[in-house]
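Q: Generate coordinates for the sequence data below:
(one chain, ligands or ions: 1)
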Amino acid sequence: MNDTQSENGNVAVPDLTKAQAKQELDRLAACIDSANTAYHRDDNPDISDAQYDALKRRNAEIEARFPALKRDDSPSERVGGALAEGFGKVQHALRMLSLGNAFDDDDVQEFDQRIRKYLGLAPDAALTYTAEPKIDGLSLSLRYENGALVQAATRGDGSVGENVTANARTISDIPIQLDGAPDVLEVRGEVYMSHADFAALNRRQAAAGLKTFANPRNAAAGSLRQLDAQITKDRPLRFFAYAWGELSAPLADTQSGAIARLDQLGFATNPLTQTCDSPDALIAHYRGIEEQRADLGYDIDGVVYKVDDLGLQSRLGFRSTTPRWAIAHKFPAELAWTVLEAIDIQVGRTGALSPVARLQPVTVGGVVVSNATLHNEDYIAGRDGNGAPIREGRDVRVGDWVQVYRAGDVIPKIKDVDLARRPVGAVPYTFPRTCPECHSDAIREEGDAVRRCSGGIICPAQAVEKLKHFVSRAAFDIEGLGAKQIEQFYTDGWIATPADIFTLRARYGDGMQQLKNREGWGEKSAGNLFDAIDEKRAIPLARLIFSLGMRHVGESGAALLANHYTSWAQFEDAMTAATVGEGAAWDDLISIDGVGAVMATSVITTFQQEAERASIDQLVAQLDVQDAAQRAMDSPVAGKTVVFTGTLEQMTRAEAKARAEALGAKVSGSVSAKTDILVAGPGAGSKAKKAADLGIETMDEASWLALIETA
Ligand code: IVH
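A: Numbers count the residues shown, from 1 in each chain. Got it, this is the predicted structure:
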């Protein structure tokens, strides 16, 4: 051994030249960073604790000898405790919601009309909105108690977010202490990074040999979600406040007043926020903001409109995941041209064969795109679902120059093709007639735009996609069991159906050895996985329904079903009893506001398929399903069946129904022995008489409102 080298082959610290030391510090920072990622984020350590400690020690020794070379993001500055924890979970006192979208002027007019209809306002009645930029960052909820910032949480799935309090404290736009605030105040807004700061950060990252970020939003998210708050501190994050959660006292009577109050309390609020008295004024403000977009110095992706009167906001309330009183008017998509290198077929969890365009990478609105959707076989061929031409009938071929289009978060699409640049010999694309994964026939049913693999559960692609959906964030969200692990377990035959996840410990637990010895698993991560699985046995009904991955049943559909049936037993009984298109169970199912015949048919059909049903039963036997609407269950009308009749004077029918359902009541159109309450307005006729005959409790609108107001 050369005597300037230590046992591990490194040059001994006292012998390092300055240049070597600098190089060594960069190398150590990268090694430690990668070890941290493997350990904390991926739960998959790639070096031993002793090796990790040795890296940290050497780093500290070199820094002690060459203090001037210490990196801004030195690994020795990391707080050990904070690193070890990962992020805690935070249950939001009030859910953090998303927004519905408007893509053109008509959508904005319809938004206004919908609101007027719901509130029973005449087309010419005064109605004020606020309009403000939609910031392209990530939302954050800040909780202040007696003026002190006590908690900051990301949105997460809307109900549960990540605790990033230490990180939020490092953001200078976020006050740590407030004067004159309500005792409990949750301020919500967007964390973002300016264009200039983003460019500077990427330059620093590149110079240090670290990963660069695709866009300011990713940079903001990556910077806020650092286990080490010291790193967040060095990243120039900013914050705009635009909403609130729990409050011990109202901020104001109007949205604009509340924002002004937040501004007074010391929050940054967006200077382009304005009140507007008509949809035309909203659109005019939108155009104005669009013109300034490039000069703002930060990314925005649209303009958000909100009903200004908070009393009206509360009457309008929410759909399952979005408020009725707000909408995001998005900017048009961004476009670019590139070469289509190949068309791949992916098989989804419902067997759909989806063509994916593999592209020569191209930047579209600041993001590098190399894949895009081609929708279905008709779309490639240049026709719509009815056989009518799209793109004037131009088909898409491998080798073509294609136009890529990207709108916000949405998956990029292929919009057009340039025939002038079509290579000689390019051939029309033939859509496969068999499943590329299991070779079963791929069938296209009449009226369906999509060709589907007929292999069902035997198709590995469908089974794996179903499992991936099952563990996804909005479904079971099992820590340590993501898409990658699902693929591994499926390939090895350990997990074939969702129920298998919950028997994993029983089947392999004693032999944890087996899991532990497999690539990518250590004793700690194996034990953590089993615990994480057990933690999710208690699952809210809506999540369970969503996780089943039934066609047409998304997160909001699942929430509607859960709120209506409230327990798994009642949901299951109803679906077992139901027949597509007829009978009481069918009528009841499609009476749910937001559930149409398509969703209803899909759910009933799922329950009728033997293999599917067996798989669901096995799964549910492993779980402790929590009833829906715990909050609603506490209300005086929870579980009651209510009928509205006659003229309602203080609210529209739609509003009456939505409010009753939000409190856990069932709203029915006809009076029967099952009816608990009849709310009768002036002009009530036969229904009131029938209710009287049946001895059903009858009340007027005012009494009903008084009753539900106590909720
Ligand atoms: S209001 C209940 N205002 O957009 C409504 N959201 O697509 C709460 N966002 O999750 C949201 N700028 O992260 C609102 N001025 C703005 C916004 C804004 C950006 C984000 C927010 C939200 C997402 C919905």
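Q: Whichever residue of the stretch 1-150 of the chain sits closest to the ligand bridge partners, please.
A: Closest approach of the stretch 1-150 of the chain to the ligand (CB to the nearest ligand atom) occurs at residue 139, with a separation of 3.2 Å. To be clear about C-beta, it is placed using only N, CA and C from the backbone, and glycine gets the same treatment. Beta-bridge pairing of residue 139 under DSSP bridges involves residue 190.
Q: and it, how far is that from residue 34?
A: If you measure residue 139 against residue 34 using CB to CB, to the nearest Å, the figure is 30 Å.
Q: of those two, who's got more company?
A: In this view residue 139 and residue 34 are compared by other CB atoms under 10 Å, and residue 139 has more residues nearby, 20 against 12.
Q: Show me where the stretch 101-250 of the chain has its helices.
A: Using DSSP state H, counting those that start in this stretch, the helices of the stretch 101-250 of the chain run over 105-119, 165-168, 195-207, 216-224, 229-234.
Q: what residue ranges in the stretch 551-700 of the chain score low on pLDDT?
A: Low-confidence segments of the stretch 551-700 of the chain (pLDDT under 70): 629-634.
Q: 90 instead, please
A: Within the stretch 551-700 of the chain, the segments meeting pLDDT under 90 span 554-557, 559-560, 563-564, 566, 591-596, 609-612, 627-640, 647-669, 681-685.
Q: Strands of that one, residue ranges please.
A: With DSSP state E, counting those that start in this stretch as the definition, the stretch 551-700 of the chain shows strands at residue ranges 624-626, 641-645, 666-668, 677-680, 697-699.
Q: now the ones you listed in CSV, with distance to residue 479 and mean neighbour count?
A: Formatted as CSV, those follow (distance: least, CB to CB, whole Å; neighbours: other CB atoms under 10 Å):
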stretch, distance to residue 479, mean neighbour count
strand 624-626, 18, 15
strand 641-645, 40, 22
strand 666-668, 36, 20
strand 677-680, 44, 23
strand 697-699, 48, 16
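Q: The helices of the stretch 101-250 of the chain into CSV, with extra columns for distance to residue 481?
A: Rendered in CSV, the data for those read as follows (distance: least, CB to CB, whole Å):
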stretch, distance to residue 481
helix 105-119, 39
helix 165-168, 26
helix 195-207, 31
helix 216-224, 22
helix 229-234, 27
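Q: Let me have these in a markdown table, extended by distance to residue 11 and mean neighbour count.
A: Converted to a markdown table, the helices of the stretch 101-250 of the chain look like this (distance: least, CB to CB, whole Å; neighbours: other CB under 10 Å):
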| stretch | distance to residue 11 | mean neighbour count |
| --- | --- | --- |
| helix 105-119 | 65 | 17 |
| helix 165-168 | 37 | 22 |
| helix 195-207 | 23 | 15 |
| helix 216-224 | 33 | 22 |
| helix 229-234 | 28 | 18 |
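Q: Tell me which of the ones you listed lies nearest to residue 597.
A: helix 105-119 (22.0 Å; CB to CB).
Q: what about the closest one, average pLDDT?
A: Averaging pLDDT along helix 105-119 yields 96.
Q: May I have it exported as CSV, CA atoms only?
A: Written as CSV, here are the backbone C-alpha positions of helix 105-119 (Å, rounded to 0.1, in the frame of the first residue of the first chain):
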residue,chain,number,x,y,z
ASP,A,105,-65.2,30.9,-22.7
ASP,A,106,-68.3,28.8,-22.9
ASP,A,107,-67.2,26.7,-19.9
VAL,A,108,-66.9,29.9,-18.0
GLN,A,109,-70.4,31.0,-18.9
GLU,A,110,-71.7,27.6,-18.0
PHE,A,111,-70.0,27.8,-14.6
ASP,A,112,-71.9,31.1,-13.9
GLN,A,113,-75.2,29.6,-15.1
ARG,A,114,-74.7,26.4,-13.0
ILE,A,115,-74.1,28.6,-9.9
ARG,A,116,-77.2,30.8,-10.6
LYS,A,117,-79.3,27.7,-11.2
TYR,A,118,-78.2,26.1,-8.0
LEU,A,119,-78.8,29.2,-6.0
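Q: Quick one: residues in contact with that helix.
A: Here helix 105-119 makes contact (CB atoms under 8 Å, 6 or more residues apart in numbering) with 100-102, 121-123, 125, 127, 278-279, 282-283, 286, 305, 307, 312, 315-316, 324-325, 327, 329, 652, 654-655.
Q: how about TSV for the strands of the stretch 551-700 of the chain, with distance to residue 219 added?
A: Below are the strands of the stretch 551-700 of the chain laid out as TSV (distance: least, CB to CB, whole Å):
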stretch	distance to residue 219
strand 624-626	38
strand 641-645	50
strand 666-668	47
strand 677-680	53
strand 697-699	57
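Q: okay, residue 437: pLDDT?
A: Reported pLDDT for residue 437: 95.
Q: Identify the residue spatially nearest to it, adjacent ones excluded.
A: Closest residue to residue 437 apart from its sequence neighbours, by CB to CB, 6 or more residues apart in numbering: residue 461 at 3.8 Å.
Q: Run through who's touching stretch 614-628.
A: 457, 497-499, 502-503, 537-542, 544, 548, 562-563, 565-568, 572, 606-607, 633.
Q: Now do the buried residues in that stretch.
A: Neighbour counts using 16 or more other CB atoms under 10 Å place 615, 616, 619, 620, 623, 625, 626, 628 of stretch 614-628 among the buried residues.
Q: could those go into CSV alongside distance to the ligand?
A: Formatted as CSV, the buried residues of stretch 614-628 follow (distance: CB to the nearest ligand atom, whole Å):
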residue, distance to the ligand
615, 34
616, 32
619, 31
620, 32
623, 30
625, 28
626, 25
628, 21
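Q: Low-confidence stretches in the stretch 101-250 of the chain?
A: Filtered on pLDDT under 90, the stretch 101-250 of the chain yields the residue ranges 103, 156-160, 206, 208-218, 225-234.
Q: So which bits of it are right by the ligand?
A: 132, 134, 135, 139, 190, 242, 243 (CB under 6 Å from any ligand atom).
Q: Spatially, which two of these are the most separated?
A: Greatest spatial distance among these (CB to CB): 132 and 139, at 14.1 Å.
Q: and this protein, which of its residues are near the ligand?
A: Proximity of the chain to the ligand (CB under 6 Å from any ligand atom) is limited to residues 97-99, 132, 134-135, 139, 190, 242-243, 304, 323, 326, 328.
Q: Now restrict the residues you listed to buried residues only.
A: Buried among the residues of the chain next to the ligand (16+ other CB under 10 Å): 97, 99, 132, 134-135, 139, 190, 242-243, 304, 323, 326, 328.
Q: ok so, going back, hmm, which of the contacts of stretch 614-628 are the buried ones?
A: Buried residues within the contacts of stretch 614-628, counting neighbours by 16+ other CB under 10 Å: 497-499, 502-503, 539-542, 544, 548, 562-563, 565-566, 568, 572, 606-607.
Q: Restricting to C-alpha, output the top helix by length along the chain in PDB.
A: Longest helix in the chain by number of residues, with DSSP state H as the criterion: helix 18-36. C-alpha atoms of helix 18-36 as PDB (Å, rounded to 0.1, in the frame of the first residue of the first chain):
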ATOM      1  CA  LYS A  18      -6.700  21.300  -2.200                       C
ATOM      2  CA  ALA A  19      -7.900  20.200  -5.600                       C
ATOM      3  CA  GLN A  20      -8.100  16.600  -4.500                       C
ATOM      4  CA  ALA A  21     -10.000  17.700  -1.300                       C
ATOM      5  CA  LYS A  22     -12.600  19.500  -3.300                       C
ATOM      6  CA  GLN A  23     -13.100  16.600  -5.600                       C
ATOM      7  CA  GLU A  24     -13.300  14.300  -2.600                       C
ATOM      8  CA  LEU A  25     -16.000  16.400  -0.900                       C
ATOM      9  CA  ASP A  26     -18.100  16.400  -4.100                       C
ATOM     10  CA  ARG A  27     -17.800  12.700  -4.400                       C
ATOM     11  CA  LEU A  28     -18.700  12.100  -0.700                       C
ATOM     12  CA  ALA A  29     -21.700  14.500  -0.900                       C
ATOM     13  CA  ALA A  30     -23.000  12.500  -3.900                       C
ATOM     14  CA  CYS A  31     -22.400   9.100  -2.200                       C
ATOM     15  CA  ILE A  32     -24.000  10.200   1.000                       C
ATOM     16  CA  ASP A  33     -26.900  11.800  -0.900                       C
ATOM     17  CA  SER A  34     -27.500   8.600  -2.800                       C
ATOM     18  CA  ALA A  35     -27.200   6.500   0.400                       C
ATOM     19  CA  ASN A  36     -29.800   8.800   2.000                       C
END
